[in-house]
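Asks: Predicted model, plus sequence, below.
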Amino acid sequence: VVYDDTIKGKRPAILVIPEWWGLNDYTKSRAKQLAELGYIAMAADMYGDGRIAANPKEAQQLANTYYENPALTKTRVDAAISQLKSFSQTDTSNMAAIGYCFGGFVVLNAAKLGADLKGIVTFHGGLTGVTPDKDLLKAKILVCHGGADEFENPHVAEFKKQMDAIGADYTFKVYPDASHAFSNPAATANGEKFNMPIKYNKAADIASWNDMKEFFQKLF
């Protein structure tokens, strides 16, 4: 949990849900960036005991718990929201969440299942899971998607169709030539090491972060 001590009083709170690797330094660095913007931020450990996957096989095994049972996303996010609400710095009426890759799948599904969040942002996040329900989905949504994302491109049309069918308040931003994991500077090395179609894209990283900042300024 990170926040700026020099800022007095309550401020909007943002959950940060990691990529499928687990709660690593990259996720923590994003929480720190949010604190620098004036928010209180909490990077959440979705696997427990600080487990971090050493390779894609381990990551898939850990993440599959949620992919196979998307309803679990809400129970974990609800627990994180409850914890974040306990801090005196948190404005409990202004809470949001961001997620990366697997974390995007988590925050999107938690929101679709009615999590108490004003808005969510996904960065190269998973677009599958539960079918949205207009009576449950309260959050505004910003999807930051790489135009060259081989993992998620097959799901884009169905995602938009489902969201449009319930009149969801969502924005779908596409960053040309950006692959899956485009916001993570370590993605290029991981892609080469594990033979995965992922790569860092600085332009998309900067653009998506700025789009998130604008989204939160309007949301709060």
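Replies: Arrived safely.

Asks: and residue 164, how far is that from residue 65?
Replies: Residue 164 sits 30 Å away from residue 65 when distances are taken as CB to CB, to the nearest Å. Heads up, the C-betas are built off the backbone N, CA and C, glycines and all.

Asks: Same question for residue 178.
Replies: Taking CB to CB as the measure, residue 178 falls 28 Å from residue 65.

Asks: For those two, indicate the residue with more neighbours.
Replies: When residue 178 and residue 65 are compared for neighbours, residue 178 comes out ahead with 25 against 12, by other CB atoms under 10 Å.

Asks: Who are the contact partners of residue 100?
Replies: Applying CB atoms under 8 Å, 6 or more residues apart in numbering to residue 100 gives the contacts 17-19, 26-27, 30, 122-125, 181, 183-184.

Asks: Low-confidence stretches in this structure?
Replies: Applying pLDDT under 70 to the chain flags no residue at all.

Asks: report the longest helix in it, please.
Replies: When the chain is parsed with DSSP state H, its longest helix is helix 202-219.

Asks: Could you export that one as PDB, CA atoms only?
Replies: Output in PDB follows, covering the C-alpha atoms of helix 202-219 (Å, rounded to 0.1, in the frame of the first residue of the first chain):
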ATOM      1  CA  LYS A 202       7.200   2.500 -25.200                       C
ATOM      2  CA  ALA A 203       4.800   4.600 -27.200                       C
ATOM      3  CA  ALA A 204       1.900   2.500 -26.300                       C
ATOM      4  CA  ASP A 205       3.000   2.400 -22.600                       C
ATOM      5  CA  ILE A 206       3.100   6.200 -22.400                       C
ATOM      6  CA  ALA A 207      -0.100   6.700 -24.400                       C
ATOM      7  CA  SER A 208      -2.100   4.100 -22.300                       C
ATOM      8  CA  TRP A 209      -0.800   5.600 -19.000                       C
ATOM      9  CA  ASN A 210      -1.900   9.100 -20.100                       C
ATOM     10  CA  ASP A 211      -5.300   7.700 -21.200                       C
ATOM     11  CA  MET A 212      -5.600   6.100 -17.700                       C
ATOM     12  CA  LYS A 213      -4.800   9.400 -16.000                       C
ATOM     13  CA  GLU A 214      -7.400  11.300 -18.100                       C
ATOM     14  CA  PHE A 215     -10.000   8.500 -17.400                       C
ATOM     15  CA  PHE A 216      -9.400   8.800 -13.600                       C
ATOM     16  CA  GLN A 217      -9.500  12.600 -13.700                       C
ATOM     17  CA  LYS A 218     -13.000  12.400 -15.200                       C
ATOM     18  CA  LEU A 219     -14.100   9.500 -13.000                       C
END
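
Asks: Alright, calling it a day.
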